[in-house]
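K.L.:
turn this into a model:
(chains A and B)
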There are 2 protein chains.
Amino acid sequence: MRRGGAQVNMADVARAAGVSTSTVSRALRGQPGVSAATRERIVSIAAGLSYVVSPEASALARRSTNRVGVVVPNIATWFYSTILAGIEGRLRAADRDLLIYHVDGPTDRQQFFEQLPARRKVDAVIVVALPVTEEQAQRLELMGVHVVVAGGRLGPYPNVMIDDVEVGRLAVHHLAALGHERIGMIRSRDHEGVSWPADQDRARGFRLGLEQAGLEVHEELVVTEKWGVQGGRDGMRRLLARDPRPTAVFAFSDEMALGALHRLRTAGVTVPDEMSVISVDDHPMAELHDLTTIRQAVQEQGAAAARITLDLLDGRVPEHGAVSMPTELVVRATTGPVRRPAGAGTR
Amino acid sequence: MRRGGAQVNMADVARAAGVSTSTVSRALRGQPGVSAATRERIVSIAAGLSYVVSPEASALARRSTNRVGVVVPNIATWFYSTILAGIEGRLRAADRDLLIYHVDGPTDRQQFFEQLPARRKVDAVIVVALPVTEEQAQRLELMGVHVVVAGGRLGPYPNVMIDDVEVGRLAVHHLAALGHERIGMIRSRDHEGVSWPADQDRARGFRLGLEQAGLEVHEELVVTEKWGVQGGRDGMRRLLARDPRPTAVFAFSDEMALGALHRLRTAGVTVPDEMSVISVDDHPMAELHDLTTIRQAVQEQGAAAARITLDLLDGRVPEHGAVSMPTELVVRATTGPVRRPAGAGTR
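P.N.:
Predicted coordinates for the structure are as follows:
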């Protein structure tokens, strides 16, 4: 703790009172050479500066900021802005303020975990689904505040997420039940080439689903592309070039699936007759494209993480350290029974 | 300024020092009955509590919080989350923190402007495109901080926005140049039935464009629906029921246009042969649907508003009090030359 700051103290009071710092010092210490009226004024200004100026001051007094920091990778995409809305609504209802730390990409992440800019500015931190190294996770301890994780998992901290392994398994189960055997997956990586935990878990679930259905994993049918619509398009282009190509594809997310569907339209491949597509989210655009998907309640994940945070701040132990939110298969028109592609009858 | 807070002051120092408040009072006022050592300790604790504890404290000293509040109606939709990303990036680069005030709907708005919860917690407020009454706008003065408006206009405050009248005019100009004469518009209202300034301005531009092209305004071809994909779908359903129906439609935003396109697909109306559609945004999904649109740079609007805010905080007068950001017509496949609908030749 920087004790040298006491100098600033005197200087600020002196400036506000229009006197020298030595006068402030003498007045506050009760030394002679200051009139009673001036001393009264200086004490009043010192008190005013420190405690009355703003809500800040009373927060300071009880060592609480009444703020929660949210560390989020990309607020301009649907998943993150929606989870943020869930966190915000819940914190606002409890009269807590929300400070945003937008941490996009590994350089930003490294800098955030090195400098911990939220330190001493917040009572708690909610980290939203970031790929974080073990070493970085440990540095969060240095913040000395509660840490809660939303939409992911991180070290020993309470968290809220969906079961991504189950999501992958369920997607393949649905496709296998429709008779599909050559099932592909479009995985995702960020713009630095990193596969995030959700992607890894969904890919694990994908393999598990194939195994449970007694199907083979065709490695050439698993492609990884940059997250987003264009990545979905690129992934489907690669899968269409496989020979034989898959009859069904599990895409990491709805936004990637929409790109994949666009590529199929462009290529003249009919859905679901020649290709089934399933993904994850139930993004607002999913219904518009009749997309079969595994719905996750994103806003609710944010709200649940905020609830845990508020419990911790109020000194209550949350009921569950790890909350797994339900998911739901929403069958629409992009998945259907397998039909051997034309010309494949000889295989 | 609540002077009564000085009581809190004494009590906190007393608690920390393990003495009575009257001892604190005597010590700070230099009255007798307190040993030199105790006085020294109390003064040191008072100084420590007020200025040294945290970055908070030094911010307090210079009467600055180092935070900017952002008042935003709906962070879970593309426009707002994108403008927020633009604001955040710019503030972060200048080492300012961002506090979010999510103000959704008239009740929330009324409460926000009555209570001004951001008061004394921030150095400046950026208001993002809200429908605000004159009375509410005036209350912002009470905050005693800089106010900047992003994506809209509000009272006398510096603002950044696009020229929505020009956007409407340009859309109609494009359609008229393709020979369309019966041109409809799908306007938007919020979930409380309120038409927002951007909608009003685009509708004004729509009328202006028709006038400039020497075309008639067909009032029955202007429909207003709830903002969003479903609203676009509903609006197009109503327009398809008109007899004769329009040959081209200008939708308030891309998300509404995507709903309208979905309705057209469902109804078996070919685009653009039987119906042209144009809208505003260049949303990430627009290209996927080959949607002709008027692109606006949303993230840049946020960044520009943040830049003005930082200028004001640094005591610089921003170069422009009102920044109009450029827009750009992006012609894709949903608009084409007029073709009389089948059976309309007898008119």
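K.L.:
what's the residue most central in space within chain A in contact with, if anything?
P.N.:
Nearest residue to the geometric centre of chain A (CA atoms, centre = their mean): residue A:128, 2.5 Å. Shown in contact with residue A:128 (CB atoms under 8 Å, 6 or more residues apart in numbering or on different chains): A:70-73, A:80, A:83-84, A:87, A:149-152, A:302. C-betas here are computed from N, CA, C, even on glycine.
K.L.:
could you redo the last one with a cut-off of 7 Å?
P.N.:
By CB atoms under 7 Å, 6 or more residues apart in numbering or on different chains, the residues touching residue A:128 are A:70, A:71, A:72, A:73, A:80, A:83, A:150, A:151.
K.L.:
now residue A:191
P.N.:
Residue A:191 is in contact with A:105, A:226, counting by CB under 7 Å, 6+ apart.
K.L.:
now residue A:257
P.N.:
Contacts for residue A:257 (CB under 7 Å, 6+ apart) come out as A:232, A:251, A:277, A:279, A:291.
K.L.:
ok, back up a step: of the contacts of residue A:128, which belong to helices?
P.N.:
A:80, A:83 (DSSP state H).
K.L.:
averaging pLDDT per element, find the lowest-scoring helix or strand in chain A.
P.N.:
Counting by mean pLDDT, DSSP states H and E, the weakest-scoring helix or strand in chain A turns out to be helix A:55-61, with a mean of 41.
K.L.:
give me the number of residues near residue A:266?
P.N.:
By other CB atoms under 10 Å in any protein chain shown, the residues close to residue A:266 number 11.
K.L.:
that one: which element?
P.N.:
helix A:254-267 (DSSP states H and E).
K.L.:
for that helix, the distance to its chain's centre please.
P.N.:
25 Å (CA atoms, centre = their mean, to the nearest Å).
K.L.:
circling back to that earlier point, what's the neighbour count on the closest residue to the residue nearest to the centre of chain A other than its chain neighbours?
P.N.:
Closest residue in space to residue A:128, ignoring its immediate chain neighbours: residue A:72 at 4.4 Å, by CB to CB, 6 or more residues apart in numbering or on different chains. By the other CB under 10 Å criterion, the neighbourhood of residue A:72 contains 27 residues.
K.L.:
and if you look at residue A:109?
P.N.:
Neighbour count of residue A:109, defined by other CB under 10 Å: 19.
K.L.:
what does residue A:197 give?
P.N.:
Residue A:197 has 17 neighbouring residues, counting by other CB under 10 Å.
K.L.:
OK, contacts around the nearest residue to it once chain neighbours are set aside?
P.N.:
Nearest residue to residue A:197, sequence neighbours excluded (CB to CB, 6+ apart): residue A:152, at 5.9 Å. Counting by CB under 7 Å, 6+ apart, residue A:152 makes contact with A:129, A:130, A:159, A:161, A:197, A:198.
K.L.:
now with 10 Å?
P.N.:
Counting by CB atoms under 10 Å, 6 or more residues apart in numbering or on different chains, residue A:152 touches A:127-132, A:159-162, A:164, A:196-198, A:201, A:301, A:305.
K.L.:
ditto for residue A:247
P.N.:
A:175, A:178-184, A:272-276, A:337-341, A:344.
K.L.:
returning to what we had before: list the beta-bridge partners for the residue nearest to the centre of chain A.
P.N.:
When bridges are called by DSSP bridges, residue A:128 pairs up with residue A:150.
K.L.:
and it, how far is that from residue A:217?
P.N.:
Using CB to CB, to the nearest Å, we find residue A:128 at a distance of 31 Å from residue A:217.
K.L.:
repeat for residue A:224
P.N.:
15 Å.
K.L.:
between those two, which is the more surrounded one?
P.N.:
Ranked by neighbour count (other CB under 10 Å), residue A:224 and residue A:217 place residue A:224 first, with 18 against 13.
K.L.:
and the gap between that one and chain B?
P.N.:
From residue A:224 across to chain B, the span is 21 Å (CB to the nearest CB, to the nearest Å).
K.L.:
which element is that residue on?
P.N.:
Per DSSP H and E, residue A:224 falls inside strand A:222-226.
K.L.:
and the closest residue to residue A:221 other than its chain neighbours, bridged to which residues?
P.N.:
Once flanking residues are discounted, residue A:221 sits nearest to residue A:184: 3.7 Å by CB to CB, 6+ apart. Counting by DSSP bridges, residue A:184 is bridged to residue A:249.
K.L.:
still on that earlier bit, for the residue nearest to residue A:128, report the pLDDT, please.
P.N.:
Note for residue A:72: predicted pLDDT of 93.
K.L.:
and for residue A:171?
P.N.:
The score at residue A:171 is 98. That number is its pLDDT.
K.L.:
before we move on, what about residue A:157?
P.N.:
91.
K.L.:
which single residue of the stretch 101-250 of chain A ends up nearest chain B?
P.N.:
Residue nearest to chain B within the stretch 101-250 of chain A: residue A:120 (4.0 Å; CB to the nearest CB).
K.L.:
next, that residue: secondary structure please.
P.N.:
Following DSSP: H, G, I helix; E, B strand; the rest coil, we place residue A:120 in the coil state.
K.L.:
okay, and the beta partners of residue A:294?
P.N.:
residue A:280, residue A:329.
K.L.:
could you check how far it is from residue A:73?
P.N.:
For residue A:294, the distance to residue A:73 - CB to CB - is 22 Å.
K.L.:
gap between the closest residue to residue A:144 other than its chain neighbours and residue B:96?
P.N.:
Distances taken as CB to CB, 6+ apart put residue A:119 closest to residue A:144, at 7.7 Å, once the chain neighbours are dropped. Between residue A:119 and residue B:96 the computed distance is 16 Å (CB to CB).
K.L.:
with neighbour numbers in mind, choose between those two.
P.N.:
More neighbours surround residue B:96 than the other of residue A:119 and residue B:96, with 21 against 15 (other CB under 10 Å).
K.L.:
I'd assumed residue A:339 was in a helix, is it?
P.N.:
No. According to three-state DSSP, residue A:339 belongs to no helix; its state is coil.
K.L.:
now do the contacts for the closest residue to it other than its chain neighbours.
P.N.:
Distance criterion CB to CB, 6+ apart; nearest residue to residue A:339, sequence neighbours excluded, is residue A:273 at 5.6 Å. Each residue near residue A:273 by CB under 10 Å, 6+ apart is listed here: A:247, A:336, A:337, A:338, A:339, A:341.
K.L.:
can you tell me which of these has the most neighbours?
P.N.:
residue A:247 (24 neighbours).
K.L.:
check that residue and give its pLDDT.
P.N.:
So residue A:247 comes in at 98 (pLDDT).
K.L.:
distance-wise, check it relative to residue A:124.
P.N.:
According to CB to CB, residue A:247 and residue A:124 sit 48 Å apart.
K.L.:
check residue A:2 and give its pLDDT.
P.N.:
The per-residue pLDDT reported for residue A:2 equals 28.
K.L.:
in this structure residue A:94 contacts residue A:87, no?
P.N.:
No. Counting by CB atoms under 10 Å, residue A:94 stays clear of residue A:87, with 11.2 Å between them.
K.L.:
which residues of the stretch 201-347 of chain A lie near chain B?
P.N.:
Within reach of chain B by CB under 10 Å from any CB of the partner chain, the stretch 201-347 of chain A has these residues: A:228-230, A:232-233, A:255, A:258-259, A:261-262, A:265, A:283-285, A:287-290, A:298-299, A:302.
K.L.:
give the buried subset of these as a ChimeraX selection command.
P.N.:
In ChimeraX, this line selects whichever of these come out buried by 16 or more other CB atoms under 10 Å in any protein chain shown:
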select /A:228,229,230,232,233,255,258,259,261,262,283,284,285,287,288,289,298,299,302
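K.L.:
look up phi and psi at residue A:276.
P.N.:
Main-chain torsions, residue A:276, degrees, to the nearest 10: phi -90, psi 150.
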